[in-house]
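*Asks:* With the sequence up front, the predicted model follows.
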Amino acid sequence: MNALILDGSEAGDAMALTVQEAVVNELKTRGWDVDALTLRDLDIAACPGGFGCWVKTPGLCGIQDAGRDVTGRIIRSDLVVLLTPVTFGGYSSAMKKVLDRTLPLVLPFFTKINGEMNHRPRYGRYPSLFAIGLLPRADEESERLFKSLVGRNVRIWHNPLHAAVVVSNRQEADSLRTEFGKFLTIVRAGNDASKKALLLIGSPKRGKSTSEALGAYLIGRMRERGFETKTMSIAEALKSENDMDELLKVFDRSDITILSFPLYMDSLPYPSIKALERIAEHRKTGLQGKKMFAALCNCGFPEAGQTESALALCRQFARETGLEWAGGLGLGFGKAIDGRSPGEIRGTRHIMQSLDLAAEALCGGKPIPQEAVASMSKRQVPGWLYVLFGGLFWKKQARAHNATASMGDRPYYELCAGNGAADCYESDSGTERACAVIDAPIPSRKEGLNDGA
């Protein structure tokens, strides 16, 4: 693991030298790789405040100096230590100049953290933060302001762990090493005990599928946030008992399981139902434990609302098996993805935004937020256009198989008539056909003849 020390002190600050030496020794004793930067010696320009790092050169400051390099080293570190004189309750000017230049580490888009608006993270992983303030003499108000400022800043930098201490005399400097050592133990434990996520692909389709593409994007974002991930195909696992046993073992080791599947007849495909039955039976063996379960459902129809029944079944599965329901996302017109990553397709920004929000929440042990649900369910194509191009698509498929002339065939007609049915009828639209049983009322076209699944 690597640590970066940013020294914002002035030349000749004896206390800063003493504290830095204690910090470096503690880190090296515990096997850390340490890099220390003396900020006053670096040629770093002040942030111009033009937000070019968001819209002109996204993720990079437009000023090509040492400030850009320091920002890169910050995000690549496991731990950042800030060593700064406490100036008016805040950072020294040398330290503040560097921190202002870290704006490229976040996105311009917004999210709420602890009820307040903040910027969304650009990266899936950020370093832990340990801030050390230096005071020439004890001052309670300055100390309070400094710790408060650090506490607010970690919401900007999305640091997973943080602590802030203030040192004003030699005795406090000596005790700092003990407190810093405890913090390093927590950081090490947090990095060693990475959480595990399992993605179950519920599509029976061979090759690339929308279910796999959506799930891969989500679990990829979780992997960037430090999760250890595993992807398994349900259809493949059901081919043998050994493969299914392996799926159950991976499930037991996972902190969260995500099922990504297509809508079949307003529900889950058979293989997904079968796998959930096996998991439910397996859970009865007493291997409970706190685990989260989430679901992604995509359907071919343009309305995402048609996935509600399937997601409700997933929620009920979680309830009956003692899993913590982490929420579900429904996507309409999944054909638009067609096995490709959402990032490769125009017009799918709302899908990526939804999955990004879901990953952020799930990695924090929280359910998928309503904002993500709403973003995913945005309609991608108007109904009339869907009907037009959908019809053209199926006619093209029929032509490819020389079946254009037989698309309206009724192969069960004779069987239907032989079982006491009246003659088949054709609706006034000329496109809907069904067999009417004798004495049974004929449904109107408004009531519908097919559920469309």
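*Replies:* Looks like it came in fine. Numbers count the residues shown, from 1 in each chain.
*Asks:* how does this protein divide into domains?
*Replies:* 2-192, 196-376, 405-453 (automatic domain parsing).
*Asks:* average pLDDT across the second one?
*Replies:* Going back to what we said before, that points to domain 196-376. Averaged across domain 196-376, the pLDDT comes to 90.
*Asks:* First-to-last residue distance for it?
*Replies:* Start-to-end span of domain 196-376 (C-alpha to C-alpha, to the nearest Å) is 25 Å.
*Asks:* ok, which stretches of the stretch 351-453 of the chain are helices?
*Replies:* Counting by DSSP state H, counting those that start in this stretch, the stretch 351-453 of the chain has helices at residues 370-376, 383-400, 413-418.
*Asks:* For my notes, confirm residue 77 occurs in a helix.
*Replies:* No. Counting by DSSP: H, G, I helix; E, B strand; the rest coil, residue 77 is not found in a helix; it is coil.
*Asks:* May I have the phi/psi pair for it?
*Replies:* Residue 77 adopts backbone torsions of phi -90, psi 160, taken as degrees, to the nearest 10.
*Asks:* Surely it and residue 3 touch.
*Replies:* Yes. Under the contact definition of C-beta atoms under 8 Å, residue 77 touches residue 3, with a separation of 6.4 Å. Heads up, the C-betas are built off the backbone N, CA and C, glycines and all.
*Asks:* out of these two, which sits in the busier spot?
*Replies:* residue 3 (25 against 20; other C-beta atoms under 10 Å).
*Asks:* picking up where we left off before, overlap in contacts of residue 77 and residue 3?
*Replies:* Residues within reach of residue 77 and of residue 3 at once, by C-beta atoms under 8 Å, 6 or more residues apart in numbering, are residue 35.
*Asks:* how far away is residue 133 from residue 274?
*Replies:* Residue 133 is 59 Å from residue 274, where distance means C-beta to C-beta, to the nearest Å.
*Asks:* who has more neighbours, those two?
*Replies:* residue 133 (26 against 16).
*Asks:* give the contact list for the more buried one.
*Replies:* 84-86, 142-143, 146-147, 164-167.
*Asks:* Which pair of these spans the longest distance?
*Replies:* Farthest-apart pair in those is 85 and 147; separation 15.0 Å (C-beta to C-beta).
*Asks:* I figured residue 294 was touching residue 324, is that so?
*Replies:* No. If you go by C-beta under 8 Å, residue 294 and residue 324 don't touch, sitting 9.5 Å apart.
*Asks:* Buried residues, stretch 119-135. List them.
*Replies:* 119-122, 124-135 (16 or more other C-beta atoms under 10 Å).
*Asks:* Excluding covalently adjacent residues, which one is nearest to the residue positioned nearest the centre of the chain?
*Replies:* The centre of the chain sits closest to residue 359, judged by C-alpha atoms, centre = their mean, with a distance of 1.5 Å. Distances taken as C-beta to C-beta, 6 or more residues apart in numbering place residue 221 nearest to residue 359, at 3.5 Å, with adjacent residues excluded.
*Asks:* In three-state terms, how would the one you found be classified?
*Replies:* Applying three-state DSSP: residue 221 is helix.
*Asks:* Pretty sure it sits against residue 355.
*Replies:* Yes. Counting by C-beta under 8 Å, residue 355 is a contact partner of residue 221 at 6.5 Å.
*Asks:* Compare those two (neighbour count), which wins?
*Replies:* residue 355 (28 against 20).
*Asks:* give the contact list for that one.
*Replies:* Per C-beta under 8 Å, 6+ apart, neighbours of residue 355: 214, 217-218, 221, 329, 342, 372, 376.
*Asks:* would you list every one of the strands in the stretch 201-350 of the chain?
*Replies:* 228-233, 256-262, 292-298, 324-331 (DSSP state E, counting those that start in this stretch).
*Asks:* got CSV for those strands, with distance to residue 73 and mean neighbour count too?
*Replies:* As requested, the strands of the stretch 201-350 of the chain are exported to CSV (distance: least, C-beta to C-beta, whole Å; neighbours: other C-beta atoms under 10 Å):
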stretch, distance to residue 73, mean neighbour count
strand 228-233, 25, 18
strand 256-262, 32, 26
strand 292-298, 34, 28
strand 324-331, 35, 22
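*Asks:* Out of those strands, the one nearest residue 51 is which?
*Replies:* strand 324-331 (30.9 Å).
*Asks:* So which of the contacts of residue 133 are in strands?
*Replies:* 84-85, 164-167 (DSSP state E).
*Asks:* Residue 202: which of those is nearest?
*Replies:* Closest to residue 202, out of all of the ones in strands among the contacts of residue 133 and judged by C-beta to C-beta, is residue 164, at 46.2 Å.
*Asks:* if I look at the closest one, how far off is residue 144?
*Replies:* For residue 164 relative to residue 144 (C-beta to C-beta), the value is 11 Å.
*Asks:* Neighbour count: these two, which is higher?
*Replies:* Shown here are residue 164 and residue 144; by other C-beta under 10 Å, residue 164 has more neighbours (19 against 12).
*Asks:* wait, what's in contact with that one?
*Replies:* Residues near residue 164 by C-beta under 8 Å, 6+ apart: 130-133, 146-147, 150-151.
*Asks:* so it bridges to which residues?
*Replies:* When bridges are called by DSSP bridges, residue 164 pairs up with residue 131.
*Asks:* Ok, residue 294 next?
*Replies:* Applying DSSP bridges, one finds that residue 294 bridges with residue 258.
*Asks:* Same check on the one 4 residues further on?
*Replies:* According to DSSP bridges, residue 262, residue 331 are recorded as the beta-bridge partners of residue 298.
*Asks:* That one and residue 211 touch, don't they?
*Replies:* Yes. Between residue 298 and residue 211 there is a contact at 6.4 Å, judged by C-beta under 8 Å.
*Asks:* what residues do these two have in common as contacts?
*Replies:* 260-262.
*Asks:* Need the phi and psi values for residue 368.
*Replies:* phi -60, psi 130.
*Asks:* Make 54 the first number, not 1, from now on.
*Replies:* In the new count, where the first residue is 54, that last one comes out as residue 421.
*Asks:* And for it, the neighbour number?
*Replies:* 25.
*Asks:* Now for it: which residues touch it?
*Replies:* 347, 379-382, 410-411, 414-415.
*Asks:* Tabulate the shared contacts of residue 351 and residue 264 (CSV), appending distance to residue 157.
*Replies:* Shown next, in CSV, are these (distance: C-beta to C-beta, whole Å):
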residue, distance to residue 157
313, 32
314, 38
315, 38
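*Asks:* from these, which is closest to residue 458?
*Replies:* After measuring these against residue 458 - C-beta to C-beta - the closest member comes out as residue 315, at 29.9 Å.
*Asks:* separation between the closest one and residue 265?
*Replies:* With C-beta to C-beta as the criterion, residue 315 and residue 265 are 10 Å apart.
*Asks:* about what we covered before: tabulate the ones in strands among the contacts of residue 186 in JSON lines, adding columns for pLDDT and distance to residue 232.
*Replies:* Below are the ones in strands among the contacts of residue 186 laid out as JSON lines (pLDDT from 0 to 100; distance: C-beta to C-beta, whole Å):
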{"residue": "137", "pLDDT": "98", "distance to residue 232": "17"}
{"residue": "138", "pLDDT": "97", "distance to residue 232": "19"}
{"residue": "217", "pLDDT": "94", "distance to residue 232": "11"}
{"residue": "218", "pLDDT": "95", "distance to residue 232": "6"}
{"residue": "219", "pLDDT": "95", "distance to residue 232": "11"}
{"residue": "220", "pLDDT": "94", "distance to residue 232": "10"}
